[in-house]
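1. Need a 3D model of the sequence below.
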Amino acid sequence: MKHTIILLVRWAAAIGFGIASYVIGSETAAQETGDFNAVMPLLYSIGLLMLAVICIAPELMHWGSIPIRMMFDGLFTSSERGVPPPDYNVTRVYCEQERYAEALEQYQQIIHYHPDEFLAYVEGIQLAFQVEEPEIAERLYKKGLSGLTAPETVEHLKRVYAEAEAAAREAAAQPADEEAAYEEGEELPPGEPR
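-> Predicted coordinates for the structure are as follows:
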């Protein structure tokens, strides 16, 4: 919020200085006298224009540096050109089609090419536990602990793994409880398979 306010103030000042520079400069240009005092407003207008440019200098530098950055990115990061961007749509389609092995493979491919992609670890671990593949979940978890660099994402990954593991244990224990209740003659809730 504070950054936005400062940005708006700088742009308002730049616009104000630019308008003042134009007004003073155009009045001075309209007077065609060779008097030195007539030239002073023109110098003031140039100063105001410089203040306007200084107010928006960070944005101008950012926009102006984009072509240069693109050129250097092309020179020094050409090895990454063959790396596909992470595509979670494919994994979600695989999950909708119940092609879980292929979805897990896709998550592992995303992690291979983008080891800092937190979402791939989270969704991959959750899916692995969901389809009863705890070995894959543990492998993704260990790779995430070594691949992620931000401490808060590592802590979040630990929580996600613990929650997914607990949910998998609970889901594995639940059918056994239902079968035991059925064998004892208890009624299952309506709609539950026997």
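2. now the most centrally placed residue in the chain: how far from residue 126?
-> Centroid check for the chain by Cα atoms, centre = their mean gives residue 117 as the closest residue, at 9.7 Å. Look at residue 117 and residue 126: by Cβ to Cβ, to the nearest Å, they are 15 Å apart. From N, CA and C alone the C-beta is placed, and that goes for glycine too.
3. got the CA positions of the helix or strand bottoming out on mean pLDDT in the chain in PDB?
-> Each helix and strand of the chain was given a mean pLDDT (mean pLDDT, DSSP states H and E); the minimum falls on helix 57-76 at a mean of 74. Coordinates of each C-alpha in helix 57-76 appear next as PDB, following Å, rounded to 0.1, in the frame of the first residue of the first chain:
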ATOM      1  CA  ALA A  57      13.200   7.500 -13.500                       C
ATOM      2  CA  PRO A  58      12.700   4.000 -11.900                       C
ATOM      3  CA  GLU A  59       9.900   3.100 -14.300                       C
ATOM      4  CA  LEU A  60      11.800   4.600 -17.300                       C
ATOM      5  CA  MET A  61      14.900   2.600 -16.400                       C
ATOM      6  CA  HIS A  62      12.800  -0.600 -16.000                       C
ATOM      7  CA  TRP A  63      11.100  -0.100 -19.400                       C
ATOM      8  CA  GLY A  64      14.200   1.000 -21.100                       C
ATOM      9  CA  SER A  65      16.300  -1.900 -19.800                       C
ATOM     10  CA  ILE A  66      13.800  -4.600 -21.100                       C
ATOM     11  CA  PRO A  67      15.400  -5.000 -24.500                       C
ATOM     12  CA  ILE A  68      18.900  -5.100 -23.000                       C
ATOM     13  CA  ARG A  69      17.900  -7.700 -20.400                       C
ATOM     14  CA  MET A  70      16.300  -9.800 -23.200                       C
ATOM     15  CA  MET A  71      19.500  -9.700 -25.200                       C
ATOM     16  CA  PHE A  72      21.600 -10.800 -22.200                       C
ATOM     17  CA  ASP A  73      19.100 -13.500 -21.200                       C
ATOM     18  CA  GLY A  74      19.400 -14.900 -24.700                       C
ATOM     19  CA  LEU A  75      23.200 -14.900 -24.500                       C
ATOM     20  CA  PHE A  76      23.600 -16.400 -21.000                       C
END
